[in-house]
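Asker: Here you go, sequence then predicted model.
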Amino acid sequence: MEPIRAEEGWFVLHSFYTVDRRHWAKLVDSERRDAEASFAKVLADYRLGANCQVNSYAILGHKADFGVMMIDPELGHLSQTENGILRAFPPGIITPSYSFFSLTEISEYMSQEKDYDRTLREKDGLSPESDEYKTKMQAFRDRMRFYINDRLYPKIPEHKAICFYPMNKSRGSTYNWYSLDFDSRKNLMAGHLVSGRRYQGKVKQLVTGSVGLDAWEWGVTLFADDPYYFKKVVYEMRFDEVSARYGEFGDFLVGVRLEPAELFEHLKL
């Protein structure tokens, strides 16, 4: 099979599963140990792939028992591993309860060099020929290069907790995001980003695009060591006009990052 790679970005899959505990209880000890070892091996082997990343999580509530987040540059390899997780367990033990497939992306509303050039010239009064202008412009280019790379080719943070939710921009008769002109959308998103930056260092966010790939338009994954900040940042950003008028949100799934052996112990399997 020929490799399938995106022209830009990496593939991301969030998969969530429930465990049939009655069926699990009927297994003999060796079958349980084999399932745990097989699951651990699937994740370990997956990490051997170039730029392949995976974490497993115990999920709070009854939407799922556990979840797996994978990032992969190659679609076929991602699909094989998804099936490998199911095969790691005896038939009927785990059932997929939800999944979300998306692609890493950069925001079309990110700051452009022409925007920063205008700021330096009109607000700071700097000449493009001045040393200060050149220094600041180069620093801006370096920041944007880091930002673009971090969004397109991210590293899954090793924070203790994860929060995932899908979202859309409204296409209603009163508030239709897609009927706004680009400048209006960019201005709204700029204010939204300012709110999020207040939690820099507390929450790491990864927004992935799923237009044409899944039922929702974006997937938002938040990482933190203290879940308090999931609640705090999402609540405060709801007051931004872009969310208050145009945001539509799906279910939230919150989990604790655990390696396979810890996960089995945590779930009392």
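Answerer: Everything's here; your move.
Asker: for Leu222, phi and psi?
Answerer: phi -110, psi 140 (degrees, to the nearest 10).
Asker: Please list all residues in contact with it.
Answerer: 162-164, 203-205, 230, 233-234 (Cβ atoms under 8 Å, 6 or more residues apart in numbering). All C-beta spots, glycine's among them, are computed from the backbone N, C-alpha and C.
Asker: Now the strand or helix carrying Tyr229: buried residues?
Answerer: Using DSSP states H and E, Tyr229 maps to helix 228-237. Across helix 228-237, burial judged by 16 or more other Cβ atoms under 10 Å covers 229-230, 232-234, 237.
Asker: what does stretch 169-177 give?
Answerer: Neighbour count says stretch 169-177 has 169, 177 buried, by 16+ other Cβ under 10 Å.
Asker: tell me how far that stretch is from the chain's mean position?
Answerer: 24 Å (Cα atoms, centre = their mean, to the nearest Å).
Asker: same question, stretch 53-71
Answerer: Using Cα atoms, centre = their mean, the offset of stretch 53-71 from its chain centre is 12 Å.
Asker: What's the mean pLDDT across it?
Answerer: Stretch 53-71 carries an average pLDDT of 98.
Asker: if I look at Leu120, how far off is Leu126?
Answerer: According to Cβ to Cβ, to the nearest Å, Leu120 and Leu126 sit 5 Å apart.
Asker: Sorry, wrong one. I was asking about Tyr109.
Answerer: Tyr109 is 25 Å from Leu126, by Cβ to Cβ.
Asker: What of Phe146?
Answerer: Counting by Cβ to Cβ - Phe146 and Leu126 are separated by 23 Å.
Asker: And those two? Which one has more around it.
Answerer: Leu126 (19 against 10; other Cβ atoms under 10 Å).
Asker: In a helix, that one, correct?
Answerer: No. Applying DSSP: H, G, I helix; E, B strand; the rest coil, one finds Leu126 to be coil, outside a helix.
Asker: Leaving out sequence neighbours, find the closest residue to it.
Answerer: Using Cβ to Cβ, 6 or more residues apart in numbering and skipping the chain neighbours, the partner closest in space to Leu126 is Tyr133 (4.1 Å).
Asker: The host helix or strand of that neighbour packs against which elements?
Answerer: Tyr133 is part of helix 131-152, with elements assigned from DSSP H and E. Where contact means 3 or more Cβ pairs under 8 Å, 6 or more residues apart in numbering; DSSP states H and E, helix 131-152 is packed against helix 113-118.
Asker: Mind giving me the packing neighbours of the helix it packs on?
Answerer: Counting by 3+ Cβ pairs under 8 Å, 6+ apart, helix 113-118 packs on helix 131-152.
Asker: next SSE after the helix it packs on?
Answerer: Next along the chain after helix 131-152, taking DSSP H and E as the criterion, comes strand 161-169.
Asker: Alpha carbons of the next helix or strand after that next one, as PDB, please.
Answerer: Counting by DSSP H and E, the next helix or strand C-terminal to strand 161-169 is helix 182-197. Only the C-alpha atoms of helix 182-197 are listed here, as PDB (Å, rounded to 0.1, in the frame of the first residue of the first chain):
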ATOM      1  CA  PHE A 182     -12.600  37.900   6.200                       C
ATOM      2  CA  ASP A 183     -11.600  41.000   8.100                       C
ATOM      3  CA  SER A 184     -14.600  40.700  10.400                       C
ATOM      4  CA  ARG A 185     -13.800  37.100  11.200                       C
ATOM      5  CA  LYS A 186     -10.100  37.900  11.800                       C
ATOM      6  CA  ASN A 187     -10.900  40.700  14.200                       C
ATOM      7  CA  LEU A 188     -13.300  38.500  16.100                       C
ATOM      8  CA  MET A 189     -10.700  35.700  16.300                       C
ATOM      9  CA  ALA A 190      -8.000  38.200  17.500                       C
ATOM     10  CA  GLY A 191     -10.000  39.000  20.600                       C
ATOM     11  CA  HIS A 192     -10.600  35.300  21.200                       C
ATOM     12  CA  LEU A 193      -6.900  34.600  21.100                       C
ATOM     13  CA  VAL A 194      -6.200  37.300  23.600                       C
ATOM     14  CA  SER A 195      -8.500  35.600  26.100                       C
ATOM     15  CA  GLY A 196      -6.800  32.200  25.600                       C
ATOM     16  CA  ARG A 197      -3.300  33.700  26.100                       C
END
